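Participant: just need the structure, nothing else, for what follows:
(chains A and B)
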2 protein chains.
Amino acid sequence: MAAAGGEKKEERDYAIAAAEAFAADVSRLLAGFRQHLHDRTAHHLGYPYNLNLNLHLSALQAQFHNFCIINLGDPFIESNYGVHSRPLEVAVLDWFARLWDLQKDQYWGYITSCGTEGNLHGLLVGRELFPDGIIYASTESHYSVFKAARMYRVKCVKAPKVTFQKPIGSVSVSGHKFLGCPAPCGVVITRREHVNVLSTDIEYLSSRDATIMGSRNGHAPIFLWYTLNKKGYRGIRKEVQKCLRNAHYLLHHLREVGVSASLNPLSNTVVFERPRDEAFVHRWQLACEGNIAHVVVMPNVTIEKITSFVEDLANNRADWYQDDESVLVPCIAKDIGQENCLCGLHNKKSSRTA
Amino acid sequence: MAAAGGEKKEERDYAIAAAEAFAADVSRLLAGFRQHLHDRTAHHLGYPYNLNLNLHLSALQAQFHNFCIINLGDPFIESNYGVHSRPLEVAVLDWFARLWDLQKDQYWGYITSCGTEGNLHGLLVGRELFPDGIIYASTESHYSVFKAARMYRVKCVKAPKVTFQKPIGSVSVSGHKFLGCPAPCGVVITRREHVNVLSTDIEYLSSRDATIMGSRNGHAPIFLWYTLNKKGYRGIRKEVQKCLRNAHYLLHHLREVGVSASLNPLSNTVVFERPRDEAFVHRWQLACEGNIAHVVVMPNVTIEKITSFVEDLANNRADWYQDDESVLVPCIAKDIGQENCLCGLHNKKSSRTA
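Facilitator: Below is the predicted model of the structure:
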């Protein structure tokens, strides 16, 4: 009996030790993961996400994160599932509606989890209104537009430039996805008098408002700038202006170290020569296309981060192009214009013949 | 000058007071909302959501909720956006793959935000494999199946019963959505040899695992019960068994107070007569269809909650049916079978003629 008792104790001790080892493994894994996320957040430049999430979140966390809040379907239809935040969802829609001078009965919408979902749903609603409709989309539209055409079996015509009618409640609003241009090009699937769809997205809110509403990231509300300005939303406007100012700062410093770069008016997206080394692109999480790369200057892209990035790029370039600068610095005049290109051919100031 | 200084101070005081009043308003709003969510959570019975969210969340909150973690697109393709948790996403898929004896190169998938998204995406992938394919779906399938057919312009044939081939990696797995029956009926859009789609959903994990992985709710893993049992996943099996036991407890107590009710074998969904009062349905967030209602016994549906619910129902029924019990207690034999119906006609034991 004593031996059996001893065996049982041994078994129990073994089980406890195994559980402790498991818990320690999980802690180690999570700590490593946290460190990794911290590093990746500190070196992020290429996507339009506002990574500043430490504003109101902790207070909300404590209050709401143990509830299973789900806003099932249409926020304008009453739900029998009671653990939802539909009044807040509708409040966000109302905010946009007021911004765009829409009357209470003139709009419908919901908050999507991302811009892609906004485009997908908006184009689906458009197709339901016009079953034989055609999507005319700029070749520079976001890829989700062409994905939607395939998903929903709608004919899609790519055009180099589509005249955008009016930025209210249209099915999909997008500038040049890569050059960050707020110029009027985008997608039109329906005429204004038929539009009662507000296919927008909480991400277009500034980080502060997005956080209040529970979203985890915030797109640059650049294309809302005109409207915000007109209506006098000072807090958001200030944040947008900071982004635009920092974008100019980045442009200036890139050109100062000899990097071809451009920035469209009222854009927070700086376009420049694609770094030669993929490890560098990966380290700074730059978005690239062909010969160009871009940085989206969101509220979390600070002067310090920009300075550190430009320094890193300049140091690396010195290595990449040490043998023959005039040949190897890529010409990106066709992407960003001759006046912005600092390659051997277009940069008269620093060219070898000067 | 003194007057101007006084005015400025007055203005500043006014601005501070306004900001304080606003902060107080927001606090009041949030406190009221929290109380509302608390009440709705305490009175929730009708949907397959596990509302027990207080397990591992607080520790995770502190570590990760200030990161903007986004798993963009396919988790098997490397992302240039670095603030993601793809290795954890793939680990969940691997877990299911092992459960279903799938080899490493035999599956693909991603974690959706809900079962509906799983069905939508699975059926879309099915359509891409078979562009002229037809969806054969049981009339009792989840509504998302018919929604998918419309969204993706796929012909859909409703059949009273569809033989389900094998529950691995099939496009959509669903029992009878309302009766909670794990019997083999569902949707098949493709043959097994073509299936490399693991269109599953983190919600099928138990609450504990779902919480670890960051999901906010968990479907009853009833249809996984056989497999879990076979593979010896004791922790999850225990939780499932608790749900099944509590479902039996609810069934027993409903019938004890004279309510017609039924429960399919191995199901956690108790079906019973639809309460006569919509306010009662709303209070307990019951899902209803025709003459029947159901309660999904998830891990947060405790014995205490069940007791309180049955008591509330019995008290209300006494009022609803006080005038003429034999006429007004609805017959739901065609929904749940004569043997489960306690109406005046089918309940021989308590009928007036006895």
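Participant: make it CA atoms for all contacts and neighbour counts henceforth
Facilitator: OK.
Participant: in terms of secondary structure, what does the lengthiest helix in chain A contact?
Facilitator: When chain A is parsed with DSSP state H, its longest helix is helix A:2-42. Contact here means 3 or more C-alpha pairs under 8 Å, 6 or more residues apart in numbering or on different chains; DSSP states H and E; on that basis helix A:2-42 packs against no helix or strand.
Participant: where do the helices sit along the stretch 201-350 of chain A?
Facilitator: A:207-213, A:225-231, A:234-256, A:278-283, A:303-320, A:325-328, A:333-336 (DSSP state H, counting those that start in this stretch).
Participant: need the mean per-residue confidence for the second one.
Facilitator: It refers to helix A:225-231. In this model, helix A:225-231 has a mean pLDDT of 62.
Participant: deepest-packed of the helices of the stretch 201-350 of chain A, please.
Facilitator: helix A:207-213 (a mean of 21; mean count of other C-alpha atoms under 10 Å in any protein chain shown).
Participant: now do the contacts for the residue of the stretch 201-350 of chain A found nearest chain B.
Facilitator: Closest residue of the stretch 201-350 of chain A to chain B, C-alpha to the nearest C-alpha: residue A:285 (5.5 Å). Residue A:285 sits next to A:43, A:44, A:45, A:46, A:47, B:80, B:81, B:82 when contact means C-alpha atoms under 8 Å, 6 or more residues apart in numbering or on different chains.
Participant: one more pass at 10 Å, please.
Facilitator: Counting by C-alpha atoms under 10 Å, 6 or more residues apart in numbering or on different chains, residue A:285 touches A:40-41, A:43-47, A:278-279, A:294-295, B:79-83.
Participant: ok so, going back, how about TSV for the helices of the stretch 201-350 of chain A, with distance to chain B added?
Facilitator: Shown next, in TSV, are the helices of the stretch 201-350 of chain A (distance: least, C-alpha to the nearest C-alpha, whole Å):
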stretch	distance to chain B
helix A:207-213	10
helix A:225-231	20
helix A:234-256	13
helix A:278-283	6
helix A:303-320	16
helix A:325-328	25
helix A:333-336	22
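Participant: re earlier: pLDDT score for the residue of the stretch 201-350 of chain A closest to chain B?
Facilitator: Note on residue A:285: pLDDT of 94.
Participant: now it: how far from residue A:39?
Facilitator: Distance from residue A:285 to residue A:39, counting by C-alpha to C-alpha, to the nearest Å: 11 Å.
Participant: what touches both of the two?
Facilitator: When contacts are counted by C-alpha under 10 Å, 6+ apart, residue A:285 and residue A:39 are jointly contacted by B:82, B:83.
Participant: tell me how chain A divides into domains.
Facilitator: Split into domains by automatic domain parsing, chain A comes to A:70-217, A:232-340.
Participant: these: lowest mean pLDDT?
Facilitator: Among the domains of chain A, domain A:70-217 carries the lowest mean pLDDT, at a mean of 62.
Participant: which ones are touching the residue nearest to residue A:263 when sequence neighbours are not counted?
Facilitator: Distances taken as C-alpha to C-alpha, 6 or more residues apart in numbering or on different chains place residue A:270 nearest to residue A:263, at 5.0 Å, with adjacent residues excluded. Shown in contact with residue A:270 (C-alpha under 10 Å, 6+ apart): A:46, A:178-180, A:247-248, A:250-251, A:254, A:261-264, A:293-297.
Participant: out of those residues, list just those in strands.
Facilitator: A:261, A:262, A:263, A:293, A:294, A:295, A:296 (DSSP state E).
Participant: and of those residues, the nearest to residue A:347?
Facilitator: For those, the residue nearest residue A:347 by C-alpha to C-alpha is residue A:261; the value is 12.1 Å.
Participant: grab the nearest non-local neighbour of the closest one.
Facilitator: residue A:272 (4.1 Å).
Participant: my guess is the one you found contacts residue A:252, does it?
Facilitator: No: contact criterion C-alpha atoms under 10 Å: residue A:272 and residue A:252 do not qualify, at 11.6 Å.
Participant: who touches both of these two?
Facilitator: With C-alpha under 10 Å, 6+ apart as the test, residue A:272 and residue A:252 both reach A:259, A:261, A:262, A:263.
Participant: most neighbours among those residues, please name it.
Facilitator: Top of the shared contacts of residue A:272 and residue A:252 by neighbour number is residue A:261, holding 27 neighbours under the definition other C-alpha atoms under 10 Å in any protein chain shown.
Participant: just give the nearest non-adjacent residue to residue A:47, would you?
Facilitator: Per C-alpha to C-alpha, 6+ apart, closest to residue A:47 is residue A:296, 5.9 Å.
Participant: pretty sure the one you found sits against residue A:267.
Facilitator: Yes: with contact defined as C-alpha under 10 Å, residue A:296 counts as touching residue A:267 (9.0 Å).
Participant: comparing those two, which residue is more hemmed in?
Facilitator: The neighbour count for residue A:296 versus residue A:267, taken as other C-alpha under 10 Å, is higher for residue A:296 (27 against 24).
Participant: please name the residues that touch residue A:32.
Facilitator: Contacts of residue A:32 were listed using C-alpha under 10 Å, 6+ apart, and they are A:26, A:38.
Participant: chain B versus that one, what's the distance?
Facilitator: Residue A:32 sits 11 Å away from chain B, going by C-alpha to the nearest C-alpha, to the nearest Å.
Participant: list the contacts for the residue in the stretch 151-300 of chain A positioned nearest to chain B?
Facilitator: Relative to chain B, the nearest point of the stretch 151-300 of chain A is residue A:152 (5.0 Å; C-alpha to the nearest C-alpha). Contacts for residue A:152 were tallied using C-alpha under 10 Å, 6+ apart; they are A:120, A:123, A:124, A:127, B:124, B:148, B:150, B:151, B:152, B:153, B:154.
Participant: give me that answer again for 7 Å
Facilitator: Residue A:152 makes contacts with A:124, B:151, B:152, B:153, as judged by C-alpha atoms under 7 Å, 6 or more residues apart in numbering or on different chains.
Participant: could you do residue A:259 as well?
Facilitator: A:272, A:273, A:342.
Participant: next, it: phi, psi?
Facilitator: Here is the backbone geometry of residue A:259 (degrees, to the nearest 10): phi -100, psi 130.
Participant: gap between the most centrally placed residue in chain A and residue B:68?
Facilitator: When C-alpha atoms, centre = their mean is applied to chain A, the residue found nearest the centroid is residue A:48 (2.6 Å). Applying C-alpha to C-alpha, the value for residue A:48 to residue B:68 is 12 Å.
Participant: over to residue A:313?
Facilitator: For residue A:313 relative to residue B:68 (C-alpha to C-alpha), the value is 25 Å.
Participant: residue A:262 too?
Facilitator: 28 Å.
Participant: before we move on, what about residue A:14?
Facilitator: 39 Å.
Participant: so these two - more neighbours on which side?
Facilitator: More crowded of residue A:14 and residue B:68, by other C-alpha under 10 Å: residue B:68, with 20 against 12.
Participant: can you pull the pLDDT of that one?
Facilitator: 84.
Participant: am I right that it sits in a helix?
Facilitator: No: read with DSSP: H, G, I helix; E, B strand; the rest coil, residue B:68 is coil and lies in no helix.
Participant: next one: phi and psi at it?
Facilitator: The phi/psi pair for residue B:68 (degrees, to the nearest 10) is phi -90, psi 70.
Participant: how much space separates it from residue B:113?
Facilitator: 17 Å.
Participant: kindly report the same for residue A:73.
Facilitator: 13 Å.
Participant: neighbour count for those two, which is higher?
Facilitator: residue B:113 (15 against 12).
Participant: am I right that that one is in a helix?
Facilitator: No: remark: residue B:113 does not belong to a helix; assigned using three-state DSSP, it is coil.
Participant: quick one on the thing from earlier: give me phi/psi at the residue nearest to the centre of chain A?
Facilitator: Backbone torsions for residue A:48, taken as degrees, to the nearest 10, come to phi -80, psi 50.
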